[in-house]
Every structure is written in structure tokens, then in C-alpha cells.
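S.K.: Any chance you can model this:
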Amino acid sequence: MWRLLRRRQEVEPEAAGEAAARAAVTVAPVEPDLQAAAFFDVDNTMMRGASIYHFARGLATRGLFTTSDLFKFAVGQAVFRLRGNENPEHIAVARETALAFVAGAKVDDVVRLGEEIYDEVMADRIWGGTRALAQSHLDAGQRVWLVTATPVELARVIAQRLGLTGALGTVAETSNGVYTGNLVGDLLHGPAKAEAVRALARREGLDLTRCTAYSDSANDLPMLSLVGHAVAINPDSELREHAKKHEWPIKDFRTGRKATLTALPIAAGLGAVAGGVAAGIALRRHYRGR
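M.R.: Residues are numbered from 1 along each chain as shown. The predicted structure follows:
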């Protein structure tokens with residue numbers, strides 16, 4: 001009797017497994033849509049606030065620079081936001097000061113810190129609504145790219161953590177795994193984003209009329225106007241008006257005191273670079289102390 005029971009217990013799990021396998025429904029794989037893709041800005045589109053600000057904040061928690069440095073950067077961002085649109089002089093200054101972010105730092109160290117700080121600080125700041133939009137493109141078999149002025153290494157970390165295809169970001173020159181302090185080209189900002197998307201489309205065989213772009217800022221109008229489908233996410237006033245005029249979809253995932261709360265952590269162009277400068281100061285202090 002006990003032998004028979006033990007034998008049944010040994011056989012039944014195997015039989016149950018076989019039965020479950022036979023009853024399993026195979027979900028048809030998504031057919032890749034090779035000519036369509038989606039392009040997402042990062043700061044205040046995919047993530048609340050500026051990714052480079054959060055990176056600098058993560059460095060501050062590691063003691064690589066002071067909270068006073070971080071506060072000065074935050075105030076600078078707010079002032080920049082209130083002063084209005086950027087101009088060529090701002091961008092020229094931004095290009096020069098951007099070099100402070102990476103000069104002398106090791107690429108591997110920046111990537112490692114980026115991964116740690118994303119998990120600690122940034123993951124909880126991803127807009128759920130925007131993430132769902134990105135996933136809908138992936139579910140449709142389309143590739144999804146981030147497009148940001150943030151250094152490409154940090155942008156790639158964000159894309160990888162979100163399960164996206166990849167990222168277009170500002171590219172810094174390297175030599176033997178160390179940043180030289182020079183940029184390859186210019187900041188990926190404004191018209192440069194559109195050029196990057198256009199170049200990627202040529203390389204990947206994308207039909208831009210079938211592609212979609214998402215942003216919160218009027219600075220990204222060149223990119224938004226390049227594709228067949230543009231969507232304003234958490235838009236600033238200028239982009240909101242433009243979107244209404246051109247009948248673009250508008251999605252706002254902010255709640256409560258959105259105008260006040262987004263002013264401080266947001267960075268675009270020069271504001272984002274300021275975060276890079278703060279981070280660069282921290283990294284240089286770190287290397288000098290080693």
C-alpha cells in the first residue's frame with residue numbers, strides 16, 4: 001500500500017507536467033516592424049527632472065562633492081528655466097563647459113556609477129505613462145530609442161534598464177578608455193537631435209513618416225517635426241501651443257503643482273550641461289584624491 005502511494009506520488013508530478021505542456025498555448029511572436037521606430041526625449045519626458053541632475057545627486061551622496069555644489073546647480077537650473085529660451089551664445093558656452101563632465105574620467109567608472117545611481121535614484125522617477133507608451137511600440141515590434149543631450153553612456157544605461165533598443169546621446173571622445181575632454185561633434189540638443197534621428201533612420205532603413213517622437217520641450221521641435229507622428233509629453237507652454245495648433249496628441253502625466261515642481265529639476269541644453277559640470281567637478285576631485 002505505502003509502496004503504491006509512493007509510486008503514484010513519483011508518477012503524478014511527471015504526468016501533471018506533461019499535461020500542462022500539452023495544454024500550453026504558444027503565443028505567436030511579434031512580427032518585427034523594421035521601418036517604424038519611436039524616439040523619446042529623456043528629461044521630463046521619460047523621467048521626472050533631469051537625468052544628469054540625478055546623476056550629480058548620486059555623486060553627492062557618495063561624498064564626491066558637497067550638497068552646496070548641488071544646491072548651486074539646482075538654483076542655476078531654476079534661473080535658467082525662468083529666463084526663457086536658449087540662444088546660440090548659451091549653446092556655445094554649453095559646449096565648452098560640457099567638457100568638464102568627463103575630462104580625465106574613465107569610461108568604465110562613469111558607466112558603473114551610472115548603473116548604480118540609476119537603480120538608487122532614477123528608477124523611481126520614470127513616468128509610468130511614458131514607459132507604457134514605449135512598451136506599446138515594443139509590443140508592436142518597433143524599436144525604441146532614447147534621444148537626449150545627456151552623455152551617451154548614461155543614456156545607454158537608462159535604455160538598458162528600461163529594456164529599450166538603445167540611445168542617442170552626446171558623444172565624448174575617448175582614448176584608451178579615458179575621456180579626453182573633447183566632444184565628438186556637438187551637444188545632442190535641438191537641431192542636432194533631428195540630425196541624429198535622420199542619420200539613424202538612414203542606417204537602419206527606417207521610414208520617418210511611420211516613426212513617432214515624444215518630447216516635453218519646444219527645443220525638440222526639429223525632431224518632432226521630422227517624423228510622421230509627434231506627441232507632446234508634459235509639454236512646456238510653447239510646445240503645448242504648437243501641439244494644439246498642429247493637432248498633435250498631448251499627454252500630461254504630472255499632477256498637482258506641476259508648473260512649480262518641474263521647474264527646479266528640469267534641465268535642457270545649458271541646464272543639463274550645468275549638471276554635467278557639477279558631476280565633472282566631482283569626478284575630477286575623485287581622481288585627484290586617488
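S.K.: How far does stretch 208-225 stretch from one end to the other?
M.R.: Start to finish, the residues bounding stretch 208-225 are 10 Å apart (Cα to Cα, to the nearest Å).
S.K.: Give me the buried positions along it.
M.R.: Neighbour-count burial for stretch 208-225 flags 208, 211-224 (criterion: 16 or more other Cβ atoms under 10 Å). Every residue, glycine included, has its C-beta placed from N, CA and C.
S.K.: quick one: which of these is nearest to D33?
M.R.: C211 (10.4 Å; Cβ to Cβ).
S.K.: What's the per-residue pLDDT of the spatially closest residue to that closest one that is not a sequence neighbour here?
M.R.: Take C211 and drop its neighbours on the chain: the residue closest to it by Cβ to Cβ, 6 or more residues apart in numbering is V227, 4.3 Å away. According to the prediction, V227 has pLDDT 98.
S.K.: correct me, but V227 touches F39?
M.R.: Yes - between V227 and F39 there is a contact at 7.0 Å, judged by Cβ atoms under 8 Å.
S.K.: list the residues that contact both of these two?
M.R.: Shared contacts of V227 and F39 (Cβ atoms under 8 Å, 6 or more residues apart in numbering): 197, 211-213.
S.K.: and those residues as TSV, adding distance to V107, secondary structure and pLDDT?
M.R.: Output for the shared contacts of V227 and F39, formatted as TSV (distance: Cβ to Cβ, whole Å; DSSP: H, G, I helix; E, B strand; the rest coil; pLDDT from 0 to 100):
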residue	distance to V107	secondary structure	pLDDT
V197	25	helix	97
C211	30	coil	98
T212	31	strand	98
A213	29	strand	98
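S.K.: dump the residue contacts of the residue nearest to C211.
M.R.: Contacts of V227 by Cβ under 8 Å, 6+ apart are 39, 197, 208-209, 211-213.
S.K.: And A38, by the same measure?
M.R.: A38 makes contacts with 133-134, 137, 142-145, 211-214, as judged by Cβ under 8 Å, 6+ apart.
S.K.: Swap in 6 Å and give it another go.
M.R.: By Cβ atoms under 6 Å, 6 or more residues apart in numbering, the contact list for A38 reads 137, 142, 144, 212.
S.K.: how close does the closest residue to the first one other than its chain neighbours sit to L226?
M.R.: Okay, so that is H137. Once flanking residues are discounted, H137 sits nearest to A38: 4.1 Å by Cβ to Cβ, 6+ apart. The gap separating A38 from L226 is 13 Å, by Cβ to Cβ, to the nearest Å.
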